[in-house]
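In: how would this look folded up:
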Amino acid sequence: MMRLFLLLFAFASLSNLFAQNIIPNPSFEKYEYLPARLSSEGKDFEQACEYWHTPNQASTDLISPRFRSEALKTIPPHSGKNMAGIVINGDFWAEYAGIRLKQPLEPGVTYYCEFWISRAPWYNRRTLIPEFLNDHFGFHFGKETFKLNKEILSLKPQFVANSEILIEPKKWTKISGSFVATEKATHLYIGQFWDEEDKGKIATGYFFIDDIFVEAFSSEAVKFTPSRYYKIEKGIASIKMDNIYFETDKYDLLPESFSELDRLVKILENNPSIKIQIQGHTDDEGSENYNKELSENRAASVKGYIIDQGISQERLESKGFGLSKPVATNENEDGKQANRRVEFVVQGGAQDTRKILDPEQVYRFRENVNPKLHEELAFLGLDNRYWDCSEAVDQLYHGEPDVSKRLSKYKAKSAKDYILAATAQNDFLFINESNRFPQTRAFAQLLLADLWDQGYRYLAVEAFNNDDTQLKTRGYAVMNSGYSIKEPVFGDLIREALALGFIVSGYQPTADELGKAKKIISPKVSSTDAKIVDKNALAWAQAMNISRIMRADSDAKIIVLAKENSIREYSINGESAMATWFKSLTRKNPLTVDQSRMIEHCPPENDPLYAKMMLNQATVYSKSTGEEPEAFVQKTYDETAHERFKQCFDIQVFHPKHNYPNNRPAWMQMEGYRKPYVFNPDKHDMNYPCLVRAYKKGEDKNFAVPVDVIEVVDPSIATSLMLPSGTYDLVMKDKANSKQLEIVIE
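Out: Model (predicted):
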């Protein structure tokens, strides 16, 4: 599927970023020539800057790096290399920038507008102080106009600033808003316009203008109300349900309760790892024993209804508390009504993000996430620029002698091509991924379509929770498909695998399987260290679960997506990994690919070997040794072994250093599979910071793992969602509002 997106990526990305802006040359970057001084008349600006013109004879300026003037102190443009400069000298002289729109405005259509403005530090030997704008400073849309003078234009702008916006020297300020077009305007003019009724509305001085944007709303944001399925109080998570009714003094459910309980069934279906305790409570009418029995029977009735709808009874427990836990006074009818209730308590501690139900609690504002929890920052699309790197990361350079000398004999190859050549000769690919580095998941996803073509049909995922029995039917991962799978790139890997037709399963052992494994493994492990024994038992049980796929399908070709150290092929310090046990159990030799070590960690802690490499793609270093190529792999030190340095993997992937087009890591482009969509909170009247989650259209926004998540914290830094082609629902959240919006990525 992804290979359809490989061609024309650069063009597609660019068009997605700017295609909706109906302003040609919005940042003044296209030019015929770059002036070196202030313009003397309006035609100078027109001749220099493509598409732009002036509506009068006033001398608008094109400011570029070549510009020099003793009369004007410039500042860096808001973006790019160029900007426009306009002077407003009161009602007798005003400069403007004008342009013909790519397409006329359509009456009745809402348009979003924005531009960036700053004030020169000084002009004509006069230091400029901060200046307030007004409701006649902005955009006028209309027909082409020109006057044979330099006077201010007596036109009414449709999109305006206001008197609370202060423009300061050296500081760029964003002006944004929307309006409904009333005529089929063909031209735009920017600047200070004349208000005949209030002649005091004039901002004077020298202003810089940059990054003009006008776009028709294809879909407007509407209010979004998240489903509040549960609450957390004092560390206890409970699902919030109202409107559950019984016959008076009986435990027969009334039909009015069914729709509410059906919502609970839906929650349990979408979150298959959740177990709940159904708790019955009463008021204080009657004896303690009577109320205890009544509450137990009512809780049991609810449990029975839920089981009848197809939920396993193993996930449900019912308990009655009678009158012992009131939540209100029993001295009036309202209080008694509050105490007569059924509550649903989530078992397993849903306050932990590993168990959490609610996307709003998983995808939080950055300020609410511990910066040392790098994997949870990755849930928000935040890369290592945002990590707390004050503590040293694990040493990746293991002291192998002469490693630089050994590497010098290898040549760089495309990691994707090299691995696919190897998988064509093997039935088992064991490739690792890392919680902190979603690019490891992105790279694995890029292999899926080709591996499918090679006959691979099974994807075994260590992070996946096998309690999610509806994954195949649903077609996408949800909050309880696995803790790590809440990370959007991981979630999309699962989505892509299912779309291709892979059978996706987890291979973590159950408690019973782990207990049996420990009994089997203990005599085989030389170490008496209980932790070593436990680790070996876990790895053995994992390998056994993968081998069961082979037993069920003798022709199975399996991809195993594992945690970082699970794919080691040799024991280290007495500890055997899952891949080691798999080889022992099946006598099969999987292709093991490490991609979690040679990757940019916290910048000061780069591997000293890796830091010297200048890579533009995921890379394998290879050399020919007889008939078979040999991939470079760093060897691991084992203090207990005769051969102290062991090559534990077949292949090692070197990922490029980060760079950040669109304020997102370049690897997120995924060879054109994902495309940038610049999200602008101002366009939707949202405040900063603004958290945005993107969901595939039709997926449940209350449970699904989003395709991407970003937090926009600064209006001056454009930040892109990175999305595959398709239709999406965006859920936007600031500190006060939640909204949703539909978008289409071509």
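
In: Using PDB, list the CA coordinates for the longest strand that the chain contains.
Out: Secondary structure assigned by DSSP state E gives strand 205-216 as the longest strand of the chain. Extracted in PDB, the C-alpha atoms of strand 205-216 (Å, rounded to 0.1, in the frame of the first residue of the first chain):
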ATOM      1  CA  GLY A 205       5.000  54.600  11.300                       C
ATOM      2  CA  TYR A 206       6.900  51.900   9.400                       C
ATOM      3  CA  PHE A 207       5.500  48.400   9.500                       C
ATOM      4  CA  PHE A 208       6.900  45.100   8.200                       C
ATOM      5  CA  ILE A 209       4.400  42.600   6.700                       C
ATOM      6  CA  ASP A 210       5.000  38.900   6.000                       C
ATOM      7  CA  ASP A 211       3.300  35.500   5.500                       C
ATOM      8  CA  ILE A 212      -0.200  36.500   4.100                       C
ATOM      9  CA  PHE A 213      -2.800  33.700   4.200                       C
ATOM     10  CA  VAL A 214      -6.400  33.500   3.000                       C
ATOM     11  CA  GLU A 215      -8.200  30.300   2.800                       C
ATOM     12  CA  ALA A 216     -11.900  29.200   2.400                       C
END
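
In: Pull the distance from the helix or strand that that strand is followed by to the chain's centre.
Out: For strand 205-216, the following helix or strand on the C-terminal side (DSSP states H and E) is strand 222-223. Between the centre of strand 222-223 and the centre of its host chain there is 21 Å, according to C-alpha atoms, centre = their mean, to the nearest Å.

In: How about stretch 705-723?
Out: 7 Å.

In: End to end on it, go ahead and measure it.
Out: 14 Å (C-alpha to C-alpha, to the nearest Å).

In: try stretch 213-221
Out: End-to-end distance for stretch 213-221: 19 Å, by C-alpha to C-alpha.

In: could you give the mean pLDDT of that stretch?
Out: Mean pLDDT, computed over stretch 213-221, is 87.

In: do the same with stretch 272-282
Out: On average, stretch 272-282 scores 85.

In: cool, stretch 24-33 as well?
Out: In the prediction, stretch 24-33 has an average pLDDT of 96.

In: Show me where the stretch 251-400 of the chain has its helices.
Out: Counting by DSSP state H, counting those that start in this stretch, the stretch 251-400 of the chain has helices at residues 258-270, 288-308, 333-339, 359-362, 374-379.

In: longest helix in the chain, by residue count?
Out: What stands out as the longest helix in the chain, according to DSSP state H, is helix 530-552.

In: List of residues touching that helix?
Out: 458, 460, 462, 505, 507-509, 513-514, 516-518, 520-522, 524-525, 527, 556, 558, 560, 566, 574-582, 584-586, 588 (C-beta atoms under 8 Å, 6 or more residues apart in numbering). For the C-beta atoms, the positions are set from N, CA and C on the backbone; glycine is no exception.

In: next one: stretch 195-203
Out: The contact list for stretch 195-203 (C-beta under 8 Å, 6+ apart) reads 88, 90-91, 131-137, 152, 154, 167, 192, 194.

In: Please spell out which residues along it are buried.
Out: When burial is assessed from 16 or more other C-beta atoms under 10 Å, stretch 195-203 yields the following buried residues: D195, K201, I202, A203.

In: which phi and psi does the second one have?
Out: What it means is K201. Here is the backbone geometry of K201 (degrees, to the nearest 10): phi -80, psi 80.

In: Which residue comes closest to it once chain neighbours are left out?
Out: Nearest residue to K201, sequence neighbours excluded (C-beta to C-beta, 6 or more residues apart in numbering): N134, at 4.2 Å.

In: Can you verify my assumption that that neighbour contacts E164?
Out: No - with contact defined as C-beta atoms under 8 Å, N134 does not reach E164; the gap is 9.9 Å.

In: which of the two has more neighbours?
Out: Per other C-beta atoms under 10 Å, whichever of N134 and E164 has more neighbours is N134, with 21 against 8.

In: looking at this, the more buried one is in a helix?
Out: No - counting by DSSP: H, G, I helix; E, B strand; the rest coil, N134 is not part of a helix but coil.

In: Let's check: the centremost residue of this structure is which one?
Out: Residue closest to the mean C-alpha point of the chain, counted by C-alpha atoms, centre = their mean, is V709 at 2.3 Å.

In: of the contacts of stretch 195-203, buried ones?
Out: For these, buried by 16+ other C-beta under 10 Å: I88, E131, L133, N134, H136, F137, I152, I167, Q192, W194.

In: Save those residues as TSV, and put in distance to F28 and pLDDT too.
Out: TSV is the format used below for the buried ones among the contacts of stretch 195-203 (distance: C-beta to C-beta, whole Å; pLDDT from 0 to 100):
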residue	distance to F28	pLDDT
I88	19	95
E131	22	93
L133	21	95
N134	24	94
H136	24	95
F137	19	96
I152	23	94
I167	19	95
Q192	19	96
W194	25	93
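
In: Max pairwise distance over those: which two?
Out: Farthest-apart pair in the buried ones among the contacts of stretch 195-203 is I167 and W194; separation 19.0 Å (C-beta to C-beta).

In: Pretty sure the residue nearest to the centre of the chain sits against F679.
Out: No - in this structure, V709 is not within contact of F679 by C-beta under 8 Å, at 11.0 Å.

In: what touches both of these two?
Out: In contact with both V709 and F679: V692, using C-beta under 8 Å, 6+ apart.

In: Okay, now the unreliable bits of the stretch 301-450 of the chain?
Out: 348-357, 391-402 (pLDDT under 70).

In: residue boundaries of the strands in it?
Out: For the stretch 301-450 of the chain, applying DSSP state E, counting those that start in this stretch gives strands covering 316-320, 341-347, 411-414, 428-432.

In: So what are the sheet partners of the first one and their directions?
Out: Applying DSSP bridges, strand 316-320 is found paired with strand 275-281 (parallel).

In: Please export the C-alpha coordinates of the strand it pairs with as PDB.
Out: Only the C-alpha atoms of strand 275-281 are listed here, as PDB (Å, rounded to 0.1, in the frame of the first residue of the first chain):
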ATOM      1  CA  LYS A 275     -12.500  -5.900  34.200                       C
ATOM      2  CA  ILE A 276     -15.100  -4.300  36.500                       C
ATOM      3  CA  GLN A 277     -16.700  -4.700  39.900                       C
ATOM      4  CA  ILE A 278     -20.400  -3.900  39.900                       C
ATOM      5  CA  GLN A 279     -21.300  -2.400  43.200                       C
ATOM      6  CA  GLY A 280     -24.800  -2.000  44.600                       C
ATOM      7  CA  HIS A 281     -25.700   0.600  47.200                       C
END
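
In: That'll do, ta.
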